[in-house]
Structure formats: C-alpha cells, structure tokens
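Asks: sequence and predicted structure below; questions after.
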Protein chains: 2
Amino acid sequence: MWAMALISALVGLGLAGYLAYYVKKQPYGTDRMRELSEAIQEGARAFLNREYRMIAIYMACVSVILFLVGYITNKIHWASSLTFLFGAFLSLLAGNIGMRIDTAANARTAEGLRKDFNKGFDIAFSAGAVMGLCVSSFGLLGVTIVFLLVTNLNFDVAALASNVAALASIFFGFQFGASSVALFARVGGGIYTKAADVGADIVGKVEENIPEDDPRNPAVIADNVGDNVGDCAGMGADLYESYVGSIIAAITIGFMAINYGQIPGAPNLSTAKNQLANLPYYPLYFGAIGLISAIIGIFVVKGMKKSQPFTRMNAGLIVSSVIMGFLSVLTVHMISQGVYTLPFAVPLIGGLIVGVVIGISTQIYTSDEYKYTRDIAKASLTGPATTILEGMAVGMLSAAIPVIMVAIAMISSYYYAGVYGIALAAIGMLSTLAMSLAMDAYGPVADNAAGIAEMAGLGRKIREDAEALDAVGNTTAAIGKGFAIGSAALTALAFFATYTQSFQEGISMDLSDPRVAVGLFIGALMPFLFSAMAIRAVGRAAEKMVKEVRRQFKEHPEILEGKMKPDYARCVDISTRWALREMILPTLMAVIVPIVVGVCPGLGAEAVGGLISGAIAAGFILALYMANAGGAWDNAKKYIEKGNLGGKGSDAHKASVIGDTVGDPLKDTAGPSLNILIKLMSIVALLFAPIFFI
Amino acid sequence: MWAMALISALVGLGLAGYLAYYVKKQPYGTDRMRELSEAIQEGARAFLNREYRMIAIYMACVSVILFLVGYITNKIHWASSLTFLFGAFLSLLAGNIGMRIDTAANARTAEGLRKDFNKGFDIAFSAGAVMGLCVSSFGLLGVTIVFLLVTNLNFDVAALASNVAALASIFFGFQFGASSVALFARVGGGIYTKAADVGADIVGKVEENIPEDDPRNPAVIADNVGDNVGDCAGMGADLYESYVGSIIAAITIGFMAINYGQIPGAPNLSTAKNQLANLPYYPLYFGAIGLISAIIGIFVVKGMKKSQPFTRMNAGLIVSSVIMGFLSVLTVHMISQGVYTLPFAVPLIGGLIVGVVIGISTQIYTSDEYKYTRDIAKASLTGPATTILEGMAVGMLSAAIPVIMVAIAMISSYYYAGVYGIALAAIGMLSTLAMSLAMDAYGPVADNAAGIAEMAGLGRKIREDAEALDAVGNTTAAIGKGFAIGSAALTALAFFATYTQSFQEGISMDLSDPRVAVGLFIGALMPFLFSAMAIRAVGRAAEKMVKEVRRQFKEHPEILEGKMKPDYARCVDISTRWALREMILPTLMAVIVPIVVGVCPGLGAEAVGGLISGAIAAGFILALYMANAGGAWDNAKKYIEKGNLGGKGSDAHKASVIGDTVGDPLKDTAGPSLNILIKLMSIVALLFAPIFFI
C-alpha cells in the first residue's frame, strides 16, 4: 500500500533525474546563447533566493505560532508545525529543481531546433516533464511520509481515527505549508512577470519601437525570467498544492469515516469495518497509479517521434488518463471486493472528465479558431473600449461551462460516495498531474527558446520553428490555466467538505443563520479585494520598471544603438524587490481573515463555513473570467497580427494591444492567485477549526 | 392603521399633482426649446408605448400561468395572478407620470435658469419630486389595498395567518409584478440609453468631431430620451420594487410570526399574542411615517431658497431621515408599550445609517475630490490599459464598505428582531424614498436641461448654469446608484429571510448539503452571465445606431452643415427596437432559472436557497464594482477635462475617454440590472416555493 506510493514516487524522481541529465547534456549553442541563458538562470536564481529568505521568515513565524497554539490549546497537534515546514520545503524543492531545468533548457531547445524540429521539442518537453515529475513525486512522497509518521506515532489506525482532529491537523499542517509556498510563488511570481512584461513593452515596444525580446531592452532578461517565475514556478507550486490537497482531503475523510462508522454523507454505502479501514489507503494507491500512468504518458510523448508536438502531448494525456481510469477502478474493485466499485468509479472518472471538459471550454473561449475570440478581434475595429467590453463579456460567459461541470461533478460524486466522493473527484482530476503539468511547463521553455532565438539572431528558419513550438506552448498554457482553476475549485471544495465534517459536535451552516450569510458575503468579497490588490501591485511595480528602463535609455543612449550592454540585473532586481514587497499584504489577508472570523464572537465556525464557500464560488468564477478574458484578448491580438482585420499596425491592432495589456495582469497575476486564495483560506479554516468559536 | 397609510399615500399623490401642475404651468421658452423638448417627450412616449405592448404580452402570459398553477396545484392563491397585474400596473403608472413630468421639465428648467438660478433648480427638483412621490405613494397605496383585500377576503387575520403560504402568494404576486416591470425598465432602459449614447458619441464626437448634444447629430434626441428612460424610469421602477418589497417582506414575516407564535429567529422577543398581532401592521405605519417625513423634507428643499442646490437637497434628506427615525421608534414604543422599542429601533435606524454610509462610500470611490478617482486619472498618463486596470481595481475595492455595512446591518438586525428585523432594516433604508428619489430623478432633468441649453444655443451664462445644475445631478445620481444597489441587497435579503421561513416543514439550507452548494455556485454565476448578456446587447444595439448615424451623414451631407434636420425619429426607433429585443433573453433567464432549479429533482427548494443567496452575494458585489468603476472612470475623465494632467485633447484625456466608454454600459446597463436580477430571482423563488421539490 504505502510502499507502492513510495516506490512510484521514487520511480518518478528517477525519471526526472534522467530527463534532467538528458537536458543538461545537450549543447548550449553559441556563446551568445549561453550568455543569454545564463543571464536568465541567474535572474531566476536571484528571485528565488530572495523569495526563499522571505518565505523562511514567514515559515519560521507561522510554525512557531502553530506550535504555540498547539501547545497551549492542545487542540491542534504540535507536530503540525513540523509538517508545515516539511510541506513547504518539498514544494520549494520541486519548484527549484523544475525551474533550474526549465531555465537551463531554453538555449538548448533553440540549439536543438537548429538540428531538427523534433529534437528541439524533445528537449523542451523533457524539461517540462522534469517539473511535472518533481511536483507529483515530491508531493506523493511527502504525503506518504507524513502518513507513515502519523500511523507509526500512534501505532494503530483505529485508535488514531478516534482522535481525528489531532490527526487531521498534522496533515493540514503539511498542506498549509504547500499552500503558503504556492501563494508566495503565484502572487510574487505573477507580479514579477507582469511588472517586467509591461515595463519592457511600454518603453521598448511602444515608446522606442524596438521589437519584443530585443537584447537592447534592459528589461528583457527580467521579462524572460518572469515567464519562468510565473508560469513555471508559480504554476508548479499551485498544482503541487492542489495535488497534495486532493490526497490529504481524501485521507482525512477516510479516517473520519472510520471514526464515525460510515462515510459522511453516504450512509447507504457499506459500513463494514474492514471496508472503512481501507479508506485512508485508497488515495495513496490512486496517487501511485496516477503517477505511473503519467510516466507511461510521458514515454508515449517521447516515443511518437514523427507526429506534431500538440498531437504527441495530447496522445500522452489521453493514454495516461485512460490507464489511470482503468487501473484505479480495477484497484477499488479488487480491494473492496466490488463493494465500492461504482460509487468510487463515478467521482474518479467524473473528475478526469471535468478536467478535460474545462480544457475544451477554455479552448472554445480563448482560441482564435472560435467565434468568441474573433468577436473580440472584430470589436477592435470600433476601438479599444469595445475591445475591452467584448472581452469582459466573453470572460464572464466563459465561466458557465466550468461552473456547471464542477457542479455536476460535485453533486454526482456526493450522491455516490458522500463527502469522500468529492475528494475522489479532485484526485481523479489531479492524479495524472505529472503528465498534464509536463505539457504546461513546456510552455515557458518554448517561449524562452523563441526569445533566445530572437535575441541571439539565429536566423529566420530557427525563429519560426521556435515560434511554432511557442504557439503550441501557448495553447497548452491556456488549457493548463483552466485545469489549474478547476482543480483548485475541486480541491477547495474537498477541503470545504472536510471542514463540514470536522466538528464532532456538528455545526449547522444553514444559510438562514445570518452568521453564515454574513460569512458568505465577506467570503464572496475576498476574491474581489484580493484581485484589486494584485492589479494595483502590478501597476506600481510596472511603473518602477518603466522608470528604470527609461532612465537607462536616457543616461546611456549607446544602449539603443546596440553599442553598450544594458544593465539587466538592475531590472531583475526591481521586479524581484517589488514583487516580494507587494506580496505581503494580500498574503496576510488570506491567512488572517478566516482565523479572525472564526474566533470572533458572534461569527465563529459557522461564519467561516459561509466565508469559504462564498470565497470558493466567487473566486472560482472570477478566476475563470480573468483567465479567459485575458487569454481571449491575447489571442484576438495575435489573430489580427496574423494579418486579419487590417493586420499589424492598423487601428484595430492598436486597440487589440490595449485589450491584451489589460488582460495580462488579469490572466497572469490576479486570476491565478485566486486559485491559491480559495485553497489557502480553506486550509487555514480547516487547520484552525478546533479553536473556532462554535 | 391602514387608514393612516391610505391617507398619507393620498397626500403624497396630491402633492405630486400640485408639483406636476407647477412644472407644467412654467413657460417653455423659445420655439426651438419647445420643439426640442417635445421631440424628447415624443421619443420617450414612443419607447414607453412600445415597451408597454411588450410588457402587456408578458404580463398576460405570466398571469395566466400563475392562475393555472394556482388553480391546478392549489398551492398558490389564484388571486396572485390579479395582484401581479395590479403591482405591475401601479409601477407603470408611477413611472409614466414621473417620466412625463421629467421630460416636460427639461426645457422649462432651462427657461427658468434664464430668469434665475434658483428658479431653474426649483423646476428641476419639483419634477424629480413628482417621480419620488408617485413611486412612494403608489407603492404604499398598492400594498395597502392588497392588504385590505387580503384581510377582508379572509375576514380574520388570525385565521389567515394560519394559511400563510396562500396569503403570502397574494402579496408576492404584487411584488412579482413590480419586479417584472422593473426588469423591463432597467434592462430595456439601460440598453436604450447606452446604445444611443455610445452611438451618438462614436460618430458625433469621435468621427465627425462635433460637440456633445449637437442638434446636427441624428442620435442626439435618442440620447436625451435615453437619460430619462434609463436614469429616471429605470431608477423609479427599481426603487418602487425595493420599496414595495421591503414592506411586503415585513408584512408576510409578521403573519408568519402570528402563525408560528413567535418572531422567527428571535425566540426571546415577546410572544404575547396581542404583540404579535400588530406585526403585520407596523410596516404600513412605517410606510406612512416615512412618506410624511419625505414630504416634509421636500418642503424643506423648496423652502431653502437661498442655499446651494446640493445643500438644500442634503438638508431635506437629513430632515426627513431624522423625523422618520424619531417618529417610527416612537410609534413602536407606543404601540408595543415599550416591548419592541429597542429591538425594532436597531434595524430601522441601522437601515437608515446603511443608506447614508453607502452614499458616502460611493462618493469616496467615485468623486474626483478623493484619491481613487485621481489615481485613475493619473493612470491615464500611461495609456488606456492602465486606466482600465486602475478603474477595475478601484471598482473592486469599492465593494468592501457597502458589503461590510450590509453585513453588520444584517447580523445586528437579526440579533435584535430575528428575520423580521432584516425586513425592518430594508424599510428603514427605503421609507423616506420619496425624498431620496426626488434627488435622484432631478439628475436627468438637469442633464436634459443642459442638453437643451446647448442645442437651443442659449448662450454661455445659461449653459454654465445648466451645467452647474447637471454637476449636482451627477453627484446625486451617483449616490442614488449606491443607494439603489444597497436597498436592492437589503430587500433581496429580506426576501431570502422570508424564503427560509416559508416552508412549514422547514428546510435545511446547510452548505454542507451539496444541493445547496450547487445552488450557490449557479447563483453566483447568474450575475456574471446576466452582465455579459447586457454588455453584449449594448454593443449590438450601439453598432446599429452607429451605422444609422453614419448613413444619415453620408446620404445627406447637408445635415452636418446644419442645413437639414436629421431624422431623429429613426434613431429613437432603433434604440427602442433593439433595447426591447435584447431584453427578452435575460428576462426569461432570471424568471426561469429559479423555477427550474426548484422543481428539478435532485435540486429543489434547498438548491434554490443556495441559488438566491449566491446570486445576492455575487450580484451585490458585482453591481457595486460596475457602478463605482463606471462612476470613477466618468469622473476621472471630467477631472482631466477640468484642465488637470494635460486637460482636454491630451493623450491622458483620450485614455480617460476610453475608460469612460468602457464604464458606461457597466454603470448604466449591466450594474443597475443586477439590482433587479437579485430581487426578481428572490421573489420568483418565494412565489413559487410552494410547488418546489423538497
């Protein structure tokens, strides 16, 4: 059981090691390429190192607080302060390795393209796969170790199940650590990447009229670093959190089921003790099976040498999903002797399907092959205002399918397997994460490779090939964004379901109780406030960047003539400093609000129930709106740049550029941060639930 | 008791009649002014007549359905199909009279200004007061008549209280009628006004470079009609619905309290039969007291001949609020012999305060005297994209204070007087509506007067005076918008509270029930979908308008030279036709979704509870966001036009114009429509609750 999870995690790490070695042994190409790549690597490291220092301070404070709260109240296990550090450490480790390989792969991908298109893709995808495998494997490894510690500390699962609150807090500590790192990575990374991007564009493209990714632009390295920091490290930490969260929610609900003598919400399912006893173990099986399926999927991608990149990755995804679906249901069937086969198959496969449908829906609303994005492009003909309005409307409409899909998954999972079913749906969606994240993390590598091809002047053919790779990366990134949002919603719902069960006395979260309604209102408000903060933070950071780039051009006109190397490090430094500074307030808000509401007399645990459900509902919809409006604006601009509706330089194009600029912080900063907000608020609520006022 | 309500309603109507007579007897001014005013009046009538035809069809269908549902299921009283028509009729009547006087007052106000600034203000305010008085008086009259019918049909309040569902449905039918008219008026009016405005601006101001309100612009009359149709008729119907709704919610909860033997949610309050028996009557008292207080306030405004318009109106508002607060608490104290004094005073005065605070908060976020709007103006210096982003962020932040205020009002009202308290808070906020709506409806009159002064070439002094009047109108309109949103939220919450009590078997709307959670998700989605529809509708209608204006200019170049009168009627017709066509789908969605969710097996009444609470929370926040972002963009533009940051014609100004154009459909179409959406969904849920699947 747990051995299987450990072994597959180690296999995953082994493969990640091999792929990392494979990437590293590829040649860098010209000296110029090595130089650019190393500048990006250095910038990324600089950001991470500074971020680590900040995270270390936060971690130290929070773990001391956790320990003290645990020690004083005796309601939260003191060990949660350690698992908190452990969960954060593994997330940082996975992110760090993944990002090192990603940033090491950009020039090598460009160099690979010089040999052969497939070689280039192979390098970029391998780098992405390292990220995917690290995230999944470290996640599974970490949960399994915590599981082993917990069960061994107490020796006996049954005895332990009777003390669910203490037990759960050890797991939730781990999750809280993962969630905290994710918030820093997403919010900080999101501000970083957009400050650099907007700064580089406003001065470079708009004011000085030099092309994107031009090496004369002082912010160009920061911009490329930003792609990795935001899309790669941020996305990795986000999905690490969802992945770990889905497994942890299912495990803790499993223990609760043993304790309560039935699966909460599913009184008709078997209550035989030997059946219930297996519930905490299933999630580890599914994790192991999912990881193995993903590894097979990665081999499929690597093996289909002759197909197009998108076809290869899709094939890998389909193969891993089918294997996961089949093997997991088979496992349930065997272990439960058929008792839980259907009840568990529905949520598991439902979760898989939700992931796929959200991906397709994202495509429909954001790809220029469909009506919506083209409508936005058409609206550009009447100016920027109509472009913005149409994009807003498309973004709002795009929330419908995912919300309805998640609603269906939620209600059918609950119908078949109660609260446990909701956690299973999240597992179904996330178990093959190593494969889907590989697709996703491939994007920034391809994007950087295209940048390096441009900056190093590799010639038209290579640049076009790099852009073709990048285009595929944009598609997978868009799908990945939808996937990240959907999985965040399902994971947060799984936490919420756990929360509803974590009061032995039971609490009523009836909406007719005004405490619940007040919580709901404040909860729904949170994503709006959080987004506003993120948007304003990008604005402030970008302003600093614009000033710095202008200063360099003004003080050293030789830069623009190409006779002097701009001071890249200074721009990297500005992005880093401002991203980290602007991150503090939203982070504190996300952590503190649930605790304050929970311990406030007159509000309490019931209000927190309203709070997190309001935050999940509003945050999910707002995140979809922002991600898809942003994606659609981006692609509407690209559609015009392809020569439609007047093409580059036309008024319509200018309007579409404005749309894209508005969309950038929405889709890359505020939107993705909401994923973390809803999960973080939920896990804070769960972890601190024992000290809430009831 | 009921006689007092009847008498004050008749006094209100009498005063309205006198003021209407006063306005009508003022001179029109020059022939040109008469001509323009009559064109606007004719345009408004044309829109209303066509809208009435559409409403008539809708009304006929729905009342037949209501009758049949009542007849077949025997769960909804058949008379609700009649009160439905009655409620709609009174709303239309109030809106029609108000709008006739408003459109008749524009040229007369401009003419009044030629005599004396105060005379001009007096005419405009009198016209606004007619609207305010008609809405309040007809509302109170209607509710009182329904109350009399209901109590007399059944002869005995006690007997009747035992059949709360049937009784309630008669009231809810009335409310549903009011709500339906409000939806048509708000959505249709909102689309109308923005299609005309955007169409007139794009071709006139941007393409042909002719000033705002230039008589050569074929869409100019439609634009002026739109101000009345949207801001005046739409706002009136919206607040009529809230006003009536607050009273009806309190009356029905009063009957429920008699039936249940206690005030729901407040078991510690007196349960003496003679005390409970008064509960359904209090709302009529408060309505009467509020109306009389408002009338006194109106006299205060009329009397302070020497002060500035804004000071006069503020004084009127404060006087009426203080009198209302004092007299209503005194009345409770006397009738309940002190038993309910404090418990009722808290919600009543709390509601009054919420209204004031929301008004102040609206000012802070949208007036150029404060930081936020100036930040947007500053962001215009770096282009339209930053303008949009800053405005979005400001809009999102602006939701915080109102949400927290409503939350505090909700929880404290409930704490003191249970579910009845929540309805009382809504009454507290809305009882002096005649006064606050007078301030609000004054806005479009002043706006039109400024337009006519411009079109009729009345000279600089008069134009400046008219613009000064208009500026005050813009402020009161912004405050009025916040007030309308806040009152919609409180009224919807009162309905929601009523809904929670309207199942004698009792239902659990516990968020841990996935049906409730699914309802919540879909409910939170509704305002987004509805907004997207409204925004796209404006876009489509504006496109048609742009084409028509361009056609006229192209086919008759003499128009631009001022040698030929443009075809105003055609533009009015286009706005009318498209506004009404685009209204159908969102209307149906709002009415049908709650019923479908309610009768759908697997969802049912519990899911509807989640649905409306999700819709209220998300709709309230989104409405605030849209109204305040739109208002702030508008004022940021005006701030630059005053000569700041480069002034008119600068790049910053151009960017701010784009912000304003984006904000227009948000603040005048989508945002206000959400007020109705949340109330309409709630009342549909309430009315059809007896046939829901539990």
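Replies: Received, thanks. Please read these numbers as outputs of a predicted model, since none were measured by experiment.

Asks: can you give me every residue that contacts the closest residue to A:Ser63 other than its chain neighbours?
Replies: For A:Ser63, ignoring the flanking residues on the chain, the nearest one in space by C-beta to C-beta, 6 or more residues apart in numbering or on different chains is A:Ser81 at 4.2 Å. Where you see a C-beta, it was placed from the backbone N, CA and C, and this is true even at glycine. Listed by C-beta atoms under 8 Å, 6 or more residues apart in numbering or on different chains, the contact set of A:Ser81 reads A:Ser63, A:Val64, A:Leu66, A:Phe67, A:Gly70, A:Gly173.

Asks: what is the strand or helix carrying the fifth one packed up against?
Replies: By that I understand A:Gly70. Secondary structure assigned from DSSP states H and E places A:Gly70 in helix A:31-73. Under the contact criterion of 3 or more C-beta pairs under 8 Å, 6 or more residues apart in numbering or on different chains; DSSP states H and E, helix A:31-73 touches helix A:80-115, helix A:164-183, helix A:220-226, helix A:433-455, helix A:568-599.

Asks: separation between A:Ala39 and A:Cys571?
Replies: A:Ala39 sits at a distance of 11 Å from A:Cys571 (criterion: C-beta to C-beta, to the nearest Å).

Asks: list the residues that contact both of these two?
Replies: A:Ile221.

Asks: how about the contacts made by the residue nearest the centre of chain A?
Replies: Nearest to the mean C-alpha position of chain A, counting by C-alpha atoms, centre = their mean, stands A:Asp238 at 3.0 Å. Going by C-beta under 8 Å, 6+ apart, A:Asp238 touches A:Ala182, A:Ala185, A:Arg186, A:Ala484, A:Ala488, A:Pro672, A:Asn675, A:Ile676.

Asks: OK, contacts around A:Asp197?
Replies: Counting by C-beta under 8 Å, 6+ apart, A:Asp197 has contacts A:Asp223, A:Gly226, A:Asp664, A:Asp668.

Asks: burial count for the first one?
Replies: Summarising burial for A:Asp223: neighbours were counted as other C-beta atoms under 10 Å in any protein chain shown, giving 30.

Asks: ok, of the contacts of A:Asp197, which one's closest to A:Ser361?
Replies: Of all those, A:Ser361 sits closest to A:Asp668, with 19.6 Å by C-beta to C-beta.

Asks: can you check the pLDDT for the nearest residue to A:His333 once chain neighbours are set aside?
Replies: Take A:His333 and drop its neighbours on the chain: the residue closest to it by C-beta to C-beta, 6+ apart is A:Thr341, 4.4 Å away. The score at A:Thr341 is 95. That number is its pLDDT.

Asks: and the residue nearest to A:Ser63, how close does it get to B:Leu437?
Replies: 58 Å.

Asks: who in the stretch 451-600 of chain A is up against chain B?
Replies: By C-beta under 8 Å from any C-beta of the partner chain, the residues of the stretch 451-600 of chain A that approach chain B are A:493, A:496-497, A:500-501, A:508-512, A:514-518, A:520-525, A:528-529, A:531-533, A:535-536, A:538-539, A:543, A:546.

Asks: out of the residues you listed, which are buried?
Replies: Buried subset of those (neighbour count, 16 or more other C-beta atoms under 10 Å in any protein chain shown): A:493, A:496-497, A:500-501, A:508-512, A:514-518, A:520-525, A:528-529, A:531-533, A:535-536, A:538-539, A:543, A:546.

Asks: next step: these restricted to helices.
Replies: A:493, A:496-497, A:500-501, A:514-518, A:520-525, A:528-529, A:531-533, A:535-536, A:538-539, A:543, A:546 (DSSP state H).

Asks: coming back round to it: for the helices and strands packed on helix A:31-73, give me TSV that also has mean pLDDT.
Replies: As requested, the helices and strands packed on helix A:31-73 are exported to TSV (pLDDT from 0 to 100):
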stretch	mean pLDDT
helix A:80-115	93
helix A:164-183	91
helix A:220-226	88
helix A:433-455	91
helix A:568-599	90
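
Asks: done for today, thanks.
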